[in-house]
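In: I'll drop the sequence and a predicted model, then ask my questions.
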Amino acid sequence: MKKERNNSWIRWGLGLYGYQNTYFPNPDNRYKIEDSYISLSPSIGIEKRNTLNNRWFLLYGGDLLLLGSMRQYTHTNTSDPNSTAIQQDDTYSIGGGIRPFLGLGFTILPRLYISTEASGLLTASYIKRSYESSRADFETLITDQNGWNGNLSLRPASSIFVYYRF
């Protein structure tokens, strides 16, 4: 965070989330599912603070976000020894959003404080999805779906953040 004025700060952040799973949903290992996902969301915003007393303060403001994600899902069926069936679903998205927030903070030491904040999130993103289904003894089916997606969500103050000012 960079102090801009007496009660105003520029804040920036980076959201990063991902997972990689491979599992066999039945005991004879004839079905295999591979699922991987990664998302990246850098943000920049303005935070304002109003002092409630010498330790407590109210914080509010908003962030602008860039959003990007990728998911790859593959289902392999080897139950027929003569014909392996594979279904693959790839989804890519890119977009942006705004996140207004309202929170409460507590100063532990002059440079150390904790806070919690509730927020709303309004996003728009372009999604490209490709689905492919193939089997050795049948024709391969490929389906592409592209389009825009919008989302509005409200997030309660359910986390506590710890900050140290350098």
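Out: Thanks, I have it.
In: alpha carbons only for contacts and neighbour counts from here, please
Out: OK.
In: What distance do you get for residue 102 to residue 158?
Out: As defined by C-alpha to C-alpha, to the nearest Å, residue 102 lies at a distance of 12 Å from residue 158.
In: Compare these two and say which one has the larger neighbour count.
Out: More crowded of residue 102 and residue 158, by other C-alpha atoms under 10 Å: residue 102, with 19 against 8.
In: Nearest spatial neighbour of the more buried one, chain-adjacent residues omitted?
Out: Excluding its sequence neighbours, the residue lying closest to residue 102 (C-alpha to C-alpha, 6 or more residues apart in numbering) is residue 60, at 4.4 Å.
In: Please compute how far the strand or helix carrying residue 61 lies from its chain's middle.
Out: For residue 61, the host element (DSSP states H and E) is strand 56-77. A distance of 2 Å separates the C-alpha centroid of strand 56-77 from that of its chain, computed with C-alpha atoms, centre = their mean, to the nearest Å.
In: Give the pairing partners of that strand; include direction for each.
Out: According to DSSP bridges, the neighbouring strands of strand 56-77, each with its direction, are strand 31-51 (antiparallel), strand 85-109 (antiparallel).
In: For the shortest one, buried residues please.
Out: Along strand 31-51, the positions that meet the burial threshold by neighbour count (16 or more other C-alpha atoms under 10 Å) are 31-33, 35, 37, 39-49.
In: Kindly report the same for the longest one.
Out: Buried positions in strand 85-109, judged by neighbour count with 16+ other C-alpha under 10 Å: 85-106.
In: and the helix or strand following it with strand 56-77, angle?
Out: Sequence-wise, the next helix or strand downstream of strand 85-109 (DSSP H and E) is strand 112-135. Compare the direction of strand 112-135 with that of strand 56-77 by axes from the mean of the first three to the mean of the last three C-alpha atoms, to 10 degrees and you get 20 degrees.
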